[in-house]
Structure formats: C-alpha cells, structure tokens
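[1] Pasting the sequence and the predicted coordinates here, then a few questions.
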Amino acid sequence: MCYDGLVMKPLALRGVVFDPPIFCAPMAAITHSAFRRLLGDFGGAGAIFTEMLSARMILREDRQRSPCLKRRAHEGKVIYQLMAPDAARLDEVIERLSPLKPDGLDLNIACSAYNVVQQGCGTDLFDDPVRLKDILRVMRRCYGGPLLAKIRLGRQRPDWRERLREVLRLLAGEGIDALTIHPRFIEEKFTRHARHELLGELAQDAGLPVIASGDISDPAQFPAPACGVMVGRMAAACPWIFAQWRDPGLEVDRGEVWRRLCGYIIEDFEPTQALIRIKVLAPYFARNFFFGHTFFRGIHSALDLDTARRRSEEFFSASPQLSTQVSIDGI
C-alpha cells in the first residue's frame, strides 16, 4: 500500500497478514473497546493493540462485557498485550483469551511505570532473563499465532548494547515473531529523540522483523530498516490519523468525532469509569485547537458526565479554531 509516495509492504507473521504494517500502540486507559471501535470506524491501521492487560485480571473479567477484552468485528485485527510477572497460570490466561481470537499476543517489557515495575512486570522483566524466558516459553507453547514483544534500549549505562543484545537473542530464541522497539532508554520516558538510526543494527542483532515506535506522526518518518510502524499518543489526539495517512484529503468534523467517542465510552463503561476515560482522552483531543486548554479544563473539572458533555458542546458551538499542527509535547 502506498502512503504519500511511501510503499509499505504487508507484514506476515505465522500466516497473519498485517496490511498495512501500521499499528496503534497499547495505551493505558485509552485503547479500550470504545476507542478501538472509533479507530475501526475510520480504518487505516493494520492492527490495534489493547491496553496492557494484567494476566491475573484477564482470569476475572467477563470476556463479552469487559471494555479491556471484548472486541467488535469492525475493529479489524486486535493484538492483546499482556502484563505478566511470571509464568504462573499463564496457560489459563491464554486459554481464556482464545475465544476472542487474538490476532497476536504481545508481552510488554518496555513499561517503566512505578506500579508496573513494582509488580515485577514491564522493564523489571528486561532485567530478569530467567523469569522472562519462563514467560516466553509458556506463551509460545500455549499460543500458535504471532507472538510479539515490546522493548526499549534498556538502561543507560556503559554496557547497554551488550545487555540489549542478550535480551534480543533471548527473545528470538524463545519464539518471538516480531519486536516493537521504542529506541529510548528506560530512564528517558518520552524525553530526547527516539533513536531510529539504531533500528537497522538492532534488527540485524535480533534477526527479527522490527516495528518502529516513538516520535512517528506521518509516513515520512517511517524508518527504512523497520518492517512496520507504531503510533501511540498522536492517535489519541487524532483517531483519524491512520485513515488520513491513506487519504491525505480526508476532512474530519472534530466535534462529531468527540461526541461519537463519548457515546461509545458511555456505552461500554459504567458512568464513573466513563467520566474517567473521557478525562484521560481530553488533553490529547484538546491539542487539535488553538485554545484547546479551555476544552481540556472544562472536561477535567466536570464532576459528572452531563456536565462534561454540556461543556464540550459549548466549546464546539463556538466553532473553535483548529491548530495548524497538532503537537503532543508535554502530555
């Protein structure tokens, strides 16, 4: 498929074809069923990742009702990302996901959020190859579809390259089919630039297809060594981004999109949780407008759904001026 002159070849993993090889990143409290539904309305992504899902939570959730787990056919391909501290009951977790027919499973070893690391997940696994190997072996044994992992560069220390190569060899040796690499150090969060110039050497070290993540907001930023790209926070600001890559002339009514998104969230969540999810998305969506801070403040300070929706209607009724360029810096 051609995007603004750039030809993106489909990415095939264990018989599952991701065409185009463009992915919506897993984002906490964002890539739930309601947001994935909206992305599916627009299309353009090869697959959408779920939020990072606690393995133990999956065992408790109602597959048909949980906004974390349930999927709608028009979302397209969905990859379920797991947060697992060890291999205990992981076979049960994968069996429980089976009726949902995941198009891939992904293990997050890139998240450095305090509460995630304290549970022995995310980057804590990067530093513990024994546990990491145990988890991967169970996932590969119990799941025959595409198995992916998301990583960063590791910790910023003199031997980071050697340590990263060890992890890459482990991942390839335990049956990972593709890697998503966010080329920043663990300590950097979203600061500094993503070092996409390293992807060629890292792909060679791993011997695996690499999906590039970090600082990608248009096709021109597709790093040549990558087999695919992942977009995260920019998709939260502009859920139509993948469709607009495919069709640069696409016109979008921001007010209608926000109303539709809120309606989807209210349909999938009980009221208290729905308000929380709307507030999570508000600072991103606000970046579409010159005076988006007034939109964000109105939503953020709302004490109930009716107030949040009324304030958003007041904002859109004033025909707010669109930003000339959407930036997610500082979020």
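    Good, I have the coordinates. Bear in mind that the values here come from a model prediction, so they are computed numbers and not experimental data. Numbering: from 1, shown residues only.
[2] Please count neighbours and contacts with C-alpha atoms only from this point.
    Will do.
[3] For stretch 318-331, which outside residues touch it?
    Under the contact criterion C-alpha atoms under 8 Å, 6 or more residues apart in numbering, stretch 318-331 has outside partners 233, 234, 237, 283, 284, 287, 288, 289, 290, 291.
[4] Residue 307: which of those residues is nearest?
    Using C-alpha to C-alpha, residue 283 comes nearest to residue 307 of these, at 16.8 Å.
[5] Tell me the spatial nearest neighbour of that closest one, not counting adjacent residues.
    Using C-alpha to C-alpha, 6 or more residues apart in numbering and skipping residues adjacent in sequence, the residue nearest residue 283 is residue 296, 5.5 Å away.
[6] Secondary structure element for that neighbour, which one?
    If you go by DSSP states H and E, residue 296 is part of helix 292-300.
[7] hmm, back to that, how about the contacts of stretch 318-331 in a markdown table, adding neighbour count, secondary structure and distance to residue 116?
    Output for those, formatted as a markdown table (neighbours: other C-alpha atoms under 10 Å; DSSP: H, G, I helix; E, B strand; the rest coil; distance: C-alpha to C-alpha, whole Å):
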| residue | neighbour count | secondary structure | distance to residue 116 |
| --- | --- | --- | --- |
| 233 | 23 | helix | 19 |
| 234 | 22 | helix | 23 |
| 237 | 20 | helix | 25 |
| 283 | 21 | helix | 23 |
| 284 | 22 | helix | 23 |
| 287 | 24 | helix | 28 |
| 288 | 21 | helix | 31 |
| 289 | 18 | strand | 33 |
| 290 | 15 | coil | 35 |
| 291 | 15 | coil | 35 |
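[8] Longest strand of the chain, counting residues only.
    strand 47-54 (DSSP state E).
[9] quick one: average confidence on it?
    Here strand 47-54 scores 97 as its mean pLDDT.
[10] May I see the buried residues of the helix holding residue 296?
    Buried positions in helix 292-300, judged by neighbour count with 16 or more other C-alpha atoms under 10 Å: 292, 295, 296, 298, 299, 300.
[11] Under the pLDDT cut-off, which ranges of the stretch 51-200 of the chain? List them.
    The model of the stretch 51-200 of the chain has no residue with pLDDT under 70.
[12] ranges for the strands of it?
    Assigned by DSSP state E, counting those that start in this stretch, the strands in the stretch 51-200 of the chain fall at 78-83, 104-108, 147-151, 178-181.
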